[in-house]
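Engineer: coords please:
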Amino acid sequence: MEAIRVLCIEDDAETRILIKRGLEQAGIIVDAVWGGERGLDAAMQGRFDCVLLDVMMPGLDGFQVLRTLKTQGLTKDLPVVMVSARDDEDTRRRAVAAGAVEFVGKPFQMKQLVQVVQAAVARRSGKHG
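Structural biologist: Modelled structure (predicted):
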């Protein structure tokens with residue numbers, strides 16, 4: 001099976017490193033970038049299987065990035081998992097309404113994040129497991 005490639009868009013350096021290390025330990029290839037603008041640029045250039053997207057970021061926030069991704073041909077079908085410390089029902093509802101396939105509140109268990117990413121990619125490719 002080909003390795004999953006994930007784009008992590010996160011403004012907090014510590015969280016970015018934690019996610020990158022944790023997913024890589026699970027055999028997932030991770031490109032981690034700071035901020036919405038860089039994240040959009042990377043998403044448009046790379047071939048990713050999934051995007052992990054922080055909600056609260058300076059400049060373009062996660063919702064703006066998500067809306068843009070969903071309007072572009074190359075990225076409109078890309079599964080996006082929103083990750084945020086703002087873990088309330090309204091934020092979760094907004095994330096799903098904007099096109100996120102899943103929402104993970106911070107702090108999270110790395111095992112949970114790995115499972116969410118694998119499930120999102122499997123759903124997209126039609127594979128189960």
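
Engineer: Could you measure from residue 125 over to residue 4?
Structural biologist: 10 Å (CB to CB, to the nearest Å). In short, each C-beta sits where N, CA and C put it, glycine included.

Engineer: Mind checking which of these two has more residues around it?
Structural biologist: Higher neighbour count among residue 125 and residue 4: residue 4, with 21 against 12, using other CB atoms under 10 Å.

Engineer: can you give me the helices in this protein?
Structural biologist: Under the criterion DSSP state H, the chain carries helices at the ranges 13-25, 36-45, 62-71, 89-98, 110-125.

Engineer: In a markdown table, list these along with mean pLDDT and distance to residue 104.
Structural biologist: A markdown table is the format used below for the helices of the chain (pLDDT from 0 to 100; distance: least, CB to CB, whole Å):
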| stretch | mean pLDDT | distance to residue 104 |
| --- | --- | --- |
| helix 13-25 | 97 | 10 |
| helix 36-45 | 95 | 17 |
| helix 62-71 | 96 | 12 |
| helix 89-98 | 94 | 10 |
| helix 110-125 | 94 | 6 |
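
Engineer: quick one: which of those is nearest residue 79?
Structural biologist: Smallest distance to residue 79 across the helices of the chain (CB to CB): 3.9 Å, for helix 110-125.
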